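Undergrad: just a sequence and a predicted model for now, questions to come.
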Amino acid sequence: PDADVLDYEPIANDPTYVLTVEVSDGMAQDTAYVVVTVLNINEKPTLKNATFSIKEHGVPNDSVGELKSLTTDPDLKESFSYKIIGTSNEFSVGSDGKITAKKELNYETKLTYSFKVEVSDRGNPSPVLRDTATIVVKVVDVNEAPTVGDQEFTILETVKGPASVGTVVGASDKDILNDY
């Protein structure tokens, strides 16, 4: 804080200064009191950029994170509201700052999402002030079980010893690096 600037918040319980002014002409003097009251102004909130993680294949409304702890404001007892700037098909932000997934996310389809969020204070005193931040959501891979379709093979009863009856085809794993 700048020592040359008055700040309302630290003195909010008693925002007045009483100064004593004394004048003298060398022969006589007089004293007066000057009362200075510091008025509050609304100061801008600050929202930090953040990165959150969420496991893939969650359900709609899974929690991603919250923005309240990332928001600061010099004003005392300030309350905030939040919203996504633009649109997001994958995420929603409640006015309370809670980020949730709108749908199931898939690591193998998209690893990272990025969107902008705006925080607004309540403008007490006016005007309402805002800040924006970039939110990044990383999708965490979850191991998915491999799949294989049923298959049928035939072999003649006269085949001797170990013999191949065929090759299983169509086995796959949704995880990026695990196709068979």
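TA: Thanks, I have the structure now.

Undergrad: identify the residue spatially nearest to the residue minimising distance to the centre of the chain, adjacent ones excluded.
TA: Of all residues in the chain, the one closest to the mean position by Cα atoms, centre = their mean is residue 67, 4.3 Å from it. Nearest residue to residue 67 in three dimensions, chain neighbours excluded: residue 97, at 3.6 Å (Cβ to Cβ, 6 or more residues apart in numbering). The C-beta positions use only the backbone N, C-alpha and C, and glycine is treated the same way.

Undergrad: strands of this structure, start to end?
TA: Counting by DSSP state E, the chain has strands at residues 16-24, 29-37, 46-47, 50-55, 63-66, 71-72, 80-84, 91-93, 98-101, 112-121, 130-140.

Undergrad: so the first one versus strand 29-37, what angle?
TA: With axes from the mean of the first three to the mean of the last three Cα atoms, to 10 degrees applied, the angle from strand 16-24 to strand 29-37 works out at 160 degrees.

Undergrad: do the fourth one as well
TA: Between the direction of strand 50-55 and that of strand 29-37, the angle (the same axes, to 10 degrees) works out to 20 degrees.

Undergrad: list the buried residues of strand 50-55.
TA: 50, 52, 54 (16 or more other Cβ atoms under 10 Å).

Undergrad: same question for the fifth one.
TA: When burial is assessed from 16+ other Cβ under 10 Å, strand 63-66 yields the following buried residues: 64, 65, 66.

Undergrad: how far away from the center of its chain is that strand?
TA: Mean-position distance between strand 63-66 and its chain equals 7 Å (Cα atoms, centre = their mean, to the nearest Å).

Undergrad: against residue 145, how distant is residue 172?
TA: 11 Å (Cβ to Cβ, to the nearest Å).
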